[in-house]
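Enquirer: Everything below, folded, please.
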Amino acid sequence: MQIKLKSKGFLCFVVVLCLGLFFLLLMYQMGFRITYAPDLESSWDAISGTASWVSVIVSILGVIASFLAVWSAIQVPKKIAERQIKVDLFEKRYRVYRTLILCDFFSSLVYISKEPEDIKEFFYKSFHDLSESAKMFQYNLFAVKYIQVTENLAESKFLFSEDVWKGVYKIVNSVQNLVETVKEGMSKEEFDKAKQDYLDAMKSCELKLILNKMEEELNLTKF
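Expert: Numbers count the residues shown, from 1 in each chain. Below is the predicted model:
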């Protein structure tokens, strides 16, 4: 951060220097020269007029320099605050990101599933590592795991940009419909439709693009 602060000050110095050089070049183009000619008579009116113009231009340069200094003083704390927010949200955002990657893995298992009961096993196998401690596969953990996954995905609405949430919403909705088919009494036709809807949602949401956007917002080095 110290390097960035120095670079901001250096930038202001360069801008003021460039403005000063531009002023000198402008004066040169207007015919002003530094010469030694004692035989020429000095025009005090011209000297007074030139001094007035110089005073105005110097004042303008001073205002610009002050503006740049104030702007730099505002931007630096703003960047620090933005970085701190990203650091504070990193863990929550990464949890959503990782859950979304596991959804992609789950879709490969859904593709080969034959019966609604397959979803329970495949769902747990796909998302079991989201819990803090490893557990052996148990059907009674299916509901808990389902709630955890959908809540993680739903958090993207508040943690990422709107474009990310639009894609994730399709996945959340299709996962809910697919899990409904696990309930008793659901027909094979209903299962096949929910299964295909989930696979279609994973394709239409442009998962790779969503993950790339998430990675940009997760990146702590880009400011």
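Enquirer: Glu115 is in contact with Phe191, isn't it?
Expert: Yes. At 7.3 Å, Glu115 and Phe191 qualify as touching, with contact defined as CB atoms under 8 Å. Quick note: C-beta positions are derived from backbone N, CA and C, even for glycine.
Enquirer: Which one's more surrounded, the two?
Expert: When neighbours are counted by other CB atoms under 10 Å, Phe191 comes out ahead of the other of Glu115 and Phe191, with 21 against 11.
Enquirer: Quick check, that one in contact with Val179.
Expert: No. Under the contact definition of CB under 8 Å, Phe191 does not touch Val179, with a separation of 10.9 Å.
Enquirer: Who are the contact partners of Tyr94?
Expert: Counting by CB atoms under 8 Å, 6 or more residues apart in numbering, Tyr94 touches Leu218.
Enquirer: Distance check, it against Met214.
Expert: Separation of Tyr94 from Met214 (CB to CB, to the nearest Å): 9 Å.
Enquirer: cool, Asp118 as well?
Expert: As it turns out, when the distance is counted by CB to CB, Asp118 lies 29 Å from Met214.
Enquirer: Now do the same for Lys170: its pLDDT.
Expert: On the pLDDT scale, Lys170 is placed at 87.
Enquirer: Tell me where this protein is predicted with low confidence.
Expert: Low-confidence segments of the chain, defined by pLDDT under 70: 1-58, 65, 67-82, 130-141, 184-185, 222-223.
Enquirer: what about the helices in it?
Expert: Defined through DSSP state H, the helices belonging to the chain, from first to last, are 2-29, 44-112, 116-127, 142-154, 156-159, 162-180, 188-204, 207-218.
Enquirer: The fifth one packs against which elements?
Expert: What that stands for is helix 156-159. Taking 3 or more CB pairs under 8 Å, 6 or more residues apart in numbering; DSSP states H and E as the contact definition, the neighbouring helices and strands of helix 156-159 are helix 44-112, helix 162-180.
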